[in-house]
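**Q** below is the sequence, then the predicted model.
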Amino acid sequence: MGESIRTESTVRSAFPDAIGVPVHEADIAEVAVAALLEDGHAGRAYSLSGPEALTHREQAAAIGTGPGCLLRALPGSTTSADRVRPDPKETA
């Protein structure tokens, strides 16, 4: 994925219009520290979600604003197996 971001300003996603609610890793860490160090969390399970539901396209656009570049999400596989699998039209 890093290569397509560097060379094409593109994130490949199998489902670019899928919606997710990303959680910042610092927020996950804060919850983990509280659960491990404070009483009352034994046997409990917590569901974490971010502040806003975003499509993968919207997430890419938001991430791109950090380095000041346009970053887009396009349909496509992100797995190395899919990148090397031959196109069925070319092998027929």
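**A** Perfect, I can see it now. Numbering: from 1, shown residues only.

**Q** going forward, measure contacts and count neighbours with C-alpha atoms only.
**A** Will do.

**Q** which positions within stretch 30-48 qualify as buried?
**A** Going by neighbour count (16 or more other C-alpha atoms under 10 Å), the buried part of stretch 30-48 is A35.

**Q** for that stretch, the averaged confidence score.
**A** Throughout stretch 30-48, pLDDT has a mean value of 94.

**Q** distance from the chain centre to it, please.
**A** 24 Å (C-alpha atoms, centre = their mean, to the nearest Å).

**Q** span of it from start to end?
**A** Across stretch 30-48, the terminal residues are separated by 11 Å (C-alpha to C-alpha, to the nearest Å).

**Q** show the average pLDDT along stretch 74-90.
**A** Stretch 74-90 comes out at a mean pLDDT of 54.

**Q** please enumerate the helices of this structure.
**A** 2-8, 25-37, 56-65, 80-84, 88-91 (DSSP state H).

**Q** make a markdown table out of these and add distance to A18.
**A** Output for those, formatted as a markdown table (distance: least, C-alpha to C-alpha, whole Å):
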| stretch | distance to A18 |
| --- | --- |
| helix 2-8 | 19 |
| helix 25-37 | 21 |
| helix 56-65 | 6 |
| helix 80-84 | 19 |
| helix 88-91 | 26 |
